[in-house]
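> Let's see this in three dimensions:
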Amino acid sequence: MVRNEAALERAIYYVEPVSDKAERSRYLVRFWLYSVAFLVFLMVVVGGITRLTDSGLSITEWKPIHGAIPPLTLSEWQEEFQKYQQIPEYERVNKGMSLEEFKAIFWWEWGHRQLGRFIGVAFFLPMLYFWLSKRIGDQMKPRLILLLGLGALQGAVGWWMVASGLVDRVDVSQYRLATHLILASVIFVALLWVARGYRRADRMPECISADRHVWLMAVLAFAILFQIFLGALVAGTHSGLIYNSWPLMEGSFIPDQIYDTSPIWLSPFEDHTTIQFNHRMMAYLVAFLCLLFWYRMLRDPYAGAGKRGANILGALVLLQIVVGIATLMSSVPIVLASIHQAGAMLVVGIATILLRDLMDNARRY
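The predicted structure is shown next:
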């Protein structure tokens with residue numbers, strides 16, 4: 001009991017000092033940040049479906065304000081359709097599609113952009129209220145400004161990505177797609193990180209031996225983010241449509257065709273075989289690191305609440321691997337691929353929360 005009380009006293013120093021009003025609003029502010037993080041999670045899932053249905057290039061202009069209003073009359077629909085008919089994707093892939101078929105892909109892209117606008121409003125207006133009513137501490141303010149800036153940057157990156165598919169290509173650049181997805185993941189992680197840290201010291205789940213596990217959890221979290229980046233390259237190049245077998249790739253664990261692109265440094269980004277191989281290998285590494293982390297936590301008598309987090313993370317990683325293999329072997333159906341992308345966000349989200357808890361406890365004890 002004495003040790004716990006002393007630990008709690010030390011923990012107070014790591015909790016942001018705030019006014020009484022801000023102290024009473026901690027729960028509300030955290031709920032708001034978690035809600036925005038959930039919206040970003042939905043945004044990533046909807047973005048994945050938009051890509052899988054080849055809907056991302058159906059809106060050929062960037063209208064941040066006016067674009068919130070969809071076509072309302074037949075003439076407006078025809079005008080929008082005519083714009084789409086001018087790009088290579090229509091000429092080479094969808095030539096002859098009907099207006100009704102165009103509407104089907106238009107609504108996915110419009111919904112994706114509309115959700116992005118809603119997230120911007122859902123973040124900015126409450127932030128303004130909390131700020132002006134002095135319900136947040138001074139240390140929180142620069143973090144919120146950074147989050148707002150990342151959101152604005154993501155909107156610009158989204159259009160930068162779409163623009164890459166409007167001139168010479170029939171799809172967007174895999175480089176820009178990967179940038180868009182990894183930035184969305186960073187925003188999701190940052191929201192969870194800030195929300196998890198904005199709490200009272202006595203609400204922190206206890207893990208006395210956290211300092212022994214922080215380094216491994218940090219490596220694992222980075223590996224998960226890197227795996228999401230590699231997954232975006234797979235999606236952007238359609239590399240999941242080849243080698244639809246597991247664990248071998250056309251009868252070999254390490255295919256002869258990897259790193260065949262000249263210059264060789266382009267292979268991880270442009271060679272389909274190399275891209276899929278790298279994604280598989282990183283999945284094995286993530287699984288190994290997760291298993292190692294889980295085993296260390298399981299054997300640690302002082303891990304406390306950290307064991308529960310390790311169990312949840314391990315179960316999610318295992319499920320994600322199973323879904324990934326099923327997605328590959330069934331040639332990337334939309335439903336499984338969407339579940340796989342959602343699973344990646346859940347894994348990186350739990351990893352972020354667990355890492356934050358471990359770091360807070362490492363400073364606490």
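
> May I see the buried residues of whatever helix or strand T273 lives in?
Here T273 sits within helix 272-298, counting by DSSP states H and E. Buried residues in helix 272-298, defined by neighbour count with 16 or more other CB atoms under 10 Å: 272-280, 282-283, 286-287, 289-290, 293-294, 296-297. Yep, even glycine has a C-beta here, placed from its N, CA and C like the rest.

> helices or strands next to that helix in the packing?
helix 214-237, helix 267-270, helix 306-329 (3 or more CB pairs under 8 Å, 6 or more residues apart in numbering; DSSP states H and E).

> mind checking which of those is nearest V172?
For the helices and strands packed on helix 272-298, distance to V172 was read as CB to CB. The smallest value, 6.9 Å, belongs to helix 214-237.

> all helices of the protein, in order?
Assigned helices in the chain, in chain order: 2-12, 20-24, 26-52, 74-84, 88-89, 99-132, 140-163, 174-197, 214-237, 267-270, 272-298, 306-329, 334-364 (criterion: DSSP state H).

> any idea which of the ones you listed scores lowest on pLDDT?
When the helices of the chain are compared on mean pLDDT, helix 2-12 scores lowest, with a mean of 49.

> what's the closest non-adjacent residue to the residue positioned nearest the centre of the chain?
Residue closest to the mean C-alpha point of the chain, counted by CA atoms, centre = their mean, is S185 at 2.9 Å. Counting by CB to CB, 6 or more residues apart in numbering, the nearest residue to S185 once its immediate chain neighbours are dropped is I228, at 5.3 Å.

> D54 versus that neighbour, what's the distance?
Applying CB to CB, to the nearest Å, the value for I228 to D54 is 21 Å.

> same deal with L177?
For L177, the distance to D54 equals 13 Å [CB to CB].

> Which of these two has more residues huddled nearby?
Using other CB atoms under 10 Å, the more surrounded residue of L177 and D54 is L177, with 23 against 16.

> Would you enumerate the residues in contact with the more buried one?
R51, M161, A232, A235, G236 (CB atoms under 8 Å, 6 or more residues apart in numbering).

> which two in the residues you listed are spaced the farthest apart?
M161 and A235 (12.1 Å).

> thought V45 was touching Q341?
Yes - the criterion here is CB atoms under 8 Å, and V45 meets it with Q341 at 6.3 Å.

> Comparing these two, which shows the higher neighbour count?
More neighbours surround Q341 than the other of V45 and Q341, with 23 against 16 (other CB under 10 Å).

> residues contacting A195?
Contacts of A195 by CB under 8 Å, 6+ apart are V29, R30, L33, Y34, A37.

> Report the buried members of those.
Burial of those was assessed by neighbour count (16+ other CB under 10 Å); the buried members are V29, R30, L33, A37.

> Give me the distance between stretch 82-97 and the centre of its chain.
30 Å (CA atoms, centre = their mean, to the nearest Å).

> what about it, start to end distance?
According to CA to CA, to the nearest Å, stretch 82-97 extends 12 Å from its N-terminal end residue to its C-terminal end residue.

> Would you mark the buried spots in that stretch?
By neighbour count on 16+ other CB under 10 Å, the buried set for stretch 82-97 is Y84, I87, E89, Y90, N94.

> ok, these vs D357, which is closest?
Distance to D357 across the buried residues of stretch 82-97 (CB to CB) is lowest for E89, with 45.3 Å.

> Report the contact partners of the nearest residue to the closest one once chain neighbours are set aside.
Nearest in space to E89, with sequence neighbours left out and distances taken as CB to CB, 6+ apart, is V170 at 4.6 Å. For V170, the residues meeting the contact criterion (CB under 8 Å, 6+ apart) are P88, E89, R92, V93.

> Tabulate these (JSON lines), appending distance to M329.
What follows is the contacts of V170, written out as JSON lines (distance: CB to CB, whole Å):
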{"residue": "P88", "distance to M329": "31"}
{"residue": "E89", "distance to M329": "28"}
{"residue": "R92", "distance to M329": "29"}
{"residue": "V93", "distance to M329": "26"}
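
> can you tell me which two in those are farthest apart?
Taking every pair in those and measuring CB to CB, the maximum separation is 8.1 Å, between P88 and V93.
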